[in-house]
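Colleague: Dropping the sequence and predicted coords here.
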Amino acid sequence: MNGIYRFKRLLSVLGAFLVLLVLAAPGALSRARADEWPTRNRIGIMLPLSGRFERIGKEVRRGIDLAISDLSAQGIALPRVSWIDTHSDPSRAVEGVSTLVEHDGVVGIIGPVVSAEVDGAAEAAAAHHVPMMVLSQKPDIPWLGSWVYRNFMTVDAQMKRLADYAVNERGIERIALVYPEERYAMELTAAFWDYAEEAGARIVLVESYPPGTSDFMALAREVVGISREKRRTKQEKLEPHIDFDALFNPDNYRSASLLAAALAYQEVPLGRFKPKDDSTPVILLGTNRWNNPNFPRDGGDYVEKSLFVDLFFPGSPDVQVRAFVKAFKKQYQHTPSMLAAIAYDSMSLMVRQARALKVPDRTALARRLSSLKGYHGLTGAFHFSAGGEAVHNLHVLSVKRHRLIQLAPPPRLGAGGGHGRGGAHPRRWWIPTPFRWIVP
C-alpha cells in the first residue's frame, strides 16, 4: 500500500510540474488568462494619432467620429470607446492591445492601420482572444480569419475586379502594360497581368519607365513601335502600330494624363479622340489612384471611357454616400477619403454587431463577424470570407463628359465592394526593370 501511495504521489508531482512547464511557455500565460479578463460594453480604437502617420490616423478618426454621431442620432445605444494612440510605433500597438483588453475590457478592437503595426498587434489580439478589425492592405497578416479580420481593399481584390470587368464585361482581348518602376506599381502590374490572363486576355506588350517621369513622348513612340521601325528602316514618317485593345497604367492620375496626351500625339485613338474616322479607341485601364475629380480635367478627351476600380466613390448618387459626404464636408471642410469611409463602415458594423449580443462576449462577437451576410455600408455590401477578408463588390469607375461616373455596381438611388481572397494569390513574383517585352 505504501508503494502504491508513493507512486500516486509521484504522478501527482510530475503532473503539477508539467502544468508549470506548459504555463511557462511563451504566450501560454496570456492564453490561460485570456478568458478571465472582464469584458465590458466597450470598443477599442488603435490609431497613429501622432508621429509619422498622424495624418492617416486623424483621417480614420474623422470617419469613426462621424459614425458615432450618426449612430447616436439614430437612437442606437452606444458602447463606450477607448482610444489608443500608437504614436506610429509598432511596439506601442502591441502594448495597446494588452491595455485595451486587460484594463479596459473591450469586446472588440478597430485598427491598426499602419502596416508595420499590424503583425504584432494581430498576434496580441489572438493571444488575448479579442476580435480585431484591421484597416490595412498589408499581405500575410497572422491569425487572419481567427480573431483578426481585414476591412480594406487589397491589391488582389482591386486587380481581379478590374481584369474581370475589362475582359468579361467589355470584351477586351489584347492588353499593353505600361508602368513606373516603383514597388507598389510593379505589384499592381503583376497582379493585373495574372488576373487578365486568367480571365482570357493576352498581354501583348510591356513597357516600364522611371518614377516621376513627366515627358512621355519617347515612351509613347516605343509603345506604338515607331522608334523601333525608324531605327530599322530609317524612314522619317511612320504609321503607329497599335495591336492592343487596352492599355493598363498603375501610375497616379497626373502621370496617366500626361501619358495619354503623349499617346494621342502619336495618333493612338483614346477616349473621344479619333485621328481617323474609323479608329477604334484604345481603353485606358488604371487603379484607384485615378479616383480624383481632377483626373477628367487633366486628361481631357483622352481619358474618356477609361476604366478603374475603387472601394469608395464620393461622387456616387447612392443616398447613404451622399449624406455621408455632405456631413463630412460640413464637419471637416474636405471630401472624405476611402480611409474615412472604411473607418465609418467598420465602426458602424462593430457597434451594431456588439449591440446584438445579450452580454458583452468576445467569442460571440467573433462568431457574428464570421457569419456576417451582406452588410451594406458606404463601401457597398460586404461580408467576411472564411479567411477573414472583407469581400466587397468593388466600384468600377469611368469618365464621361469630363466627369467621374460609377458604372458598377448600380448605386442605390432610393434607399438609405470586391473579390477578396482568403490568402495571397500565387502570382509572378517579379517584373525585371527597366523592362521591355513585346509578346508575339
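Modeller: That came through fine. Residues are numbered from 1 along each chain as shown.
Colleague: how far is stretch 69-87 from where the chain is centred?
Modeller: The chain centroid and the centroid of stretch 69-87 are separated by 24 Å, computed with C-alpha atoms, centre = their mean, to the nearest Å.
Colleague: and if you look at stretch 244-261?
Modeller: 21 Å.
Colleague: Quick one: residues contacting residue 179.
Modeller: Going by C-beta atoms under 8 Å, 6 or more residues apart in numbering, residue 179 touches 185-186, 188-189, 207-209, 248-251, 431. The C-beta positions use only the backbone N, C-alpha and C, and glycine is treated the same way.
Colleague: redo that, cut-off 6 Å
Modeller: Neighbouring residues of residue 179 by C-beta atoms under 6 Å, 6 or more residues apart in numbering: 185, 189, 208, 250.
Colleague: which SS state does it fall under?
Modeller: strand (DSSP: H, G, I helix; E, B strand; the rest coil).
Colleague: ok, so what distance separates it from residue 265?
Modeller: Per C-beta to C-beta, to the nearest Å, residue 179 is found 20 Å from residue 265.
Colleague: TSV for the contacts of residue 179, including secondary structure, pLDDT and neighbour count?
Modeller: Output for the contacts of residue 179, formatted as TSV (DSSP: H, G, I helix; E, B strand; the rest coil; pLDDT from 0 to 100; neighbours: other C-beta atoms under 10 Å):
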residue	secondary structure	pLDDT	neighbour count
185	helix	97	21
189	helix	98	24
208	strand	97	22
250	coil	98	29
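Colleague: Can you pick out the most distant pair from these?
Modeller: 208 and 250 (11.0 Å; C-beta to C-beta).
Colleague: Tabulate the contacts of residue 179 (JSON lines), appending distance to residue 81.
Modeller: Listed next are those as JSON lines, based on distance: C-beta to C-beta, whole Å:
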{"residue": "185", "distance to residue 81": "37"}
{"residue": "189", "distance to residue 81": "40"}
{"residue": "208", "distance to residue 81": "46"}
{"residue": "250", "distance to residue 81": "37"}
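Colleague: Just give me the closest of the residues you listed to residue 325.
Modeller: Using C-beta to C-beta, residue 250 comes nearest to residue 325 of those, at 26.2 Å.
Colleague: Helix or strand: which one has the closest residue to that closest one other than its chain neighbours?
Modeller: Using C-beta to C-beta, 6 or more residues apart in numbering and skipping the chain neighbours, the partner closest in space to residue 250 is residue 188 (4.1 Å). Per DSSP states H and E: residue 188 is located in helix 183-199.
Colleague: go on, residue 258?
Modeller: Assigned by DSSP H and E, residue 258 belongs to helix 253-265.
Colleague: what do you get for residue 206?
Modeller: Using DSSP H and E, residue 206 maps to strand 202-209.
Colleague: mind listing what that strand pairs with, with the direction of each?
Modeller: Here strand 202-209 is paired, per DSSP bridges, with strand 174-180 (parallel), strand 436-438 (antiparallel).
Colleague: Could you say which of those is packed most deeply?
Modeller: strand 174-180 (a mean of 23; mean count of other C-beta atoms under 10 Å).
Colleague: Quick one: end-to-end length of stretch 271-281, please.
Modeller: This stretch, stretch 271-281, spans 6 Å end to end (C-alpha to C-alpha, to the nearest Å).
Colleague: That one: how far from the chain's middle?
Modeller: Distance, stretch centre to chain centre, for stretch 271-281: 35 Å (C-alpha atoms, centre = their mean).
Colleague: Kindly report the same for stretch 157-171.
Modeller: For stretch 157-171, the separation from the chain centroid amounts to 16 Å (computed by C-alpha atoms, centre = their mean).
Colleague: now do stretch 242-260
Modeller: Taking C-alpha atoms, centre = their mean, one finds stretch 242-260 lying 22 Å from the centre of the chain it belongs to.
Colleague: Give the residue spans of the protein that score low on pLDDT.
Modeller: 1-36, 226-238, 412-440 (pLDDT under 70).
Colleague: so what's the residue nearest the centre of it closest to, chain neighbours aside?
Modeller: Closest residue to the average C-alpha location of the chain: residue 153 at 1.9 Å, with C-alpha atoms, centre = their mean. Closest residue to residue 153 apart from its sequence neighbours, by C-beta to C-beta, 6+ apart: residue 311 at 4.1 Å.
Colleague: Tell me how many other residues crowd the one you found.
Modeller: If you count neighbours by other C-beta atoms under 10 Å, residue 311 ends up with 29.
Colleague: Please list all residues in contact with residue 196.
Modeller: Per C-beta under 6 Å, 6+ apart, neighbours of residue 196: 163, 175.
Colleague: i'd like the first residue to be 776 from this point on
Modeller: OK, 776 is where the count begins now, so the last one is residue 971.
Colleague: and it, how far is that from residue 1060?
Modeller: Residue 971 sits 9 Å away from residue 1060, going by C-beta to C-beta.
Colleague: repeat for residue 882
Modeller: In terms of C-beta to C-beta, residue 882 sits 43 Å off from residue 1060.
Colleague: Those two: who's more crowded?
Modeller: residue 1060 (28 against 25).
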